[in-house]
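Trainee: sequence and predicted structure below; questions after.
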Amino acid sequence: MTQPVATKAAENLHAPTAAGAPEIIQTRFGDLTVDPDKIITFDRGIYGFEHQRRFLLSQVPGWPGFFNLLQAVDDPGLSLIVLPLEAGDGPIEPSDFKQACQTLGYDPVTTATIAIVTMREDRGDQVFTVNLKAPLLIDSQRRAGRQHVFASDKYPLRHPLEAHDRNGD
C-alpha cells in the first residue's frame, strides 16, 4: 500500500465551522477540545461500539500527521486510531467506493474514507494493520458517518501497513 493521502473530504472534517460552545474532555491522549459543530454522528455506531454515536476526528498528539484520532465524545475512554484513505487512488477501488456511497446516500465528492488502525506486537515487532473490509465513510457536509462492510473478499480485515506507510516515506 502506498502512502495514504488525506482526501479533500477528509480535510473538510477538520475545517473551521460556525462558532459553538466547545468543551474540554480528558482522553488517554490528553485534553481534547470538542466543538459541537465538528461532531460526526454515526447513527448506527461503529461495530463493537454501537452504543457510541458521536465522535470527533482530530490529529493524534505526538503521532505522525497522517494518523488521526476518532474520539467518542460521550466516552472519553474510547479512542480509535484511524487513517484517511485516498479516494479513487487508494486501496479501495473507485467503483466500490462510489457504490458504497450510493448505498448510504452519500455524495462521493464530500465523503471521506477512513480505515481503523490496529497495532499489535508480533515477535517483538509492532505490526500495524488497517481494516479495509469495513471502513468508515464520513459525509463531511452532513457530518454523518457509517461503517460500510464490503461484501467482496478482496478487502482484508487486516491489511498490513508497511514501515514507509507509517513513517511518511
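Mentor: Yes, it's here.
Trainee: quick check: neighbours of the lengthiest strand in the chain in the sheet, parallel or antiparallel?
Mentor: Ranked by residue count, the top strand of the chain under DSSP state E comes out as strand 111-122. Strands that pair with strand 111-122, judged by DSSP bridges, come out as strand 79-85 (antiparallel), strand 125-130 (antiparallel), strand 136-139 (antiparallel).
Trainee: give the buried residues for that strand.
Mentor: Neighbour counts over strand 111-122 (16 or more other C-beta atoms under 10 Å) mark Thr111, Ala112, Thr113, Ile114, Ala115, Ile116, Val117, Thr118 as buried. Where C-beta positions appear, they are placed from N, C-alpha and C, glycine not excepted.
Trainee: wait, the second one sits on Gln141?
Mentor: No - in terms of C-beta atoms under 8 Å, Ala112 does not count as a neighbour of Gln141; the distance is 10.7 Å.
Trainee: thought Leu69 was touching Phe29?
Mentor: Yes - counting by C-beta under 8 Å, Leu69 touches Phe29, with 6.2 Å between them.
Trainee: quickly list what the residue nearest the centre of the chain is bridged to.
Mentor: Nearest to the mean C-alpha position of the chain, by C-alpha atoms, centre = their mean, lies Ile114 at 3.3 Å. Ile114 has these beta-bridge partners by DSSP bridges: Pro84, Leu136.
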